[in-house]
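**Q** Quick one, structure for this:
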Amino acid sequence: MYRTKNILLNSKAYYRDADCVICMYDVTCEKSFHNLKNWIASIKDIKDNTTIKIVIIGTKVDLIENTNLKTVQTKEAEAFAEVNYGILI
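**A** Next up, the predicted model:
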């Protein structure tokens with residue numbers, strides 16, 4: 001938790017003047033998906049929703065092709081992106 005907070009505090013300088021932010025999560029780890037809320041809240045503290053695009057990318061999809069590892073459903077991620085003005089890839 002401390003590491004995440006430290007990264008959040010330091011990252012604000014990186015996207016202050018950004019036009020787009022890419023947020024990634026691990027589709028096999030629900031915790032990483034839920035951490036997106038913190039990242040997006042941090043972004044919205046600095047940037048107005050209308051001035052920045054948020055791209056949300058689910059990673060490690062190759063691990064779910066032959067197994068049942070996936071914990072974050074695509075529909076859940078799509079709904080999250082829609083509510084938070086993001087684009088899901």
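
**Q** show me the contacts for the nearest residue to Ile54 once chain neighbours are set aside.
**A** In space, Ile54 comes closest to Gly86 once its chain neighbours are excluded; the distance is 4.0 Å by Cβ to Cβ, 6 or more residues apart in numbering. No exception for glycine: its C-beta is placed from N, CA and C like everyone else's. The contact partners of Gly86, by Cβ atoms under 8 Å, 6 or more residues apart in numbering, come to 23, 40, 53-56, 80.

**Q** Which of those residues fall within strands?
**A** Under the assignment DSSP state E, these contribute 23, 53-56 to strands.

**Q** Among the residues you listed, which one lies nearest to Glu76?
**A** Checking the ones in strands among the contacts of Gly86 against Glu76 with Cβ to Cβ, the nearest one is Ile56 at 11.4 Å.

**Q** what about that closest one, how many neighbours?
**A** Look at Ile56: counted by other Cβ atoms under 10 Å, it has 22 neighbours.

**Q** And it, how far from Lys75?
**A** Separation of Ile56 from Lys75 (Cβ to Cβ, to the nearest Å): 14 Å.

**Q** quick one, strands of the protein?
**A** Under DSSP E, the chain gives strands at 20-26, 53-59, 86-88.

**Q** Let's have these in JSON lines, adding mean pLDDT and distance to Phe33.
**A** Below are the strands of the chain laid out as JSON lines (pLDDT from 0 to 100; distance: least, Cβ to Cβ, whole Å):
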{"stretch": "strand 20-26", "mean pLDDT": "88", "distance to Phe33": "5"}
{"stretch": "strand 53-59", "mean pLDDT": "88", "distance to Phe33": "8"}
{"stretch": "strand 86-88", "mean pLDDT": "74", "distance to Phe33": "11"}
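
**Q** So for Ile46, which of those sits nearest?
**A** With Cβ to Cβ, the closest approach to Ile46 among these belongs to strand 20-26: 9.7 Å.
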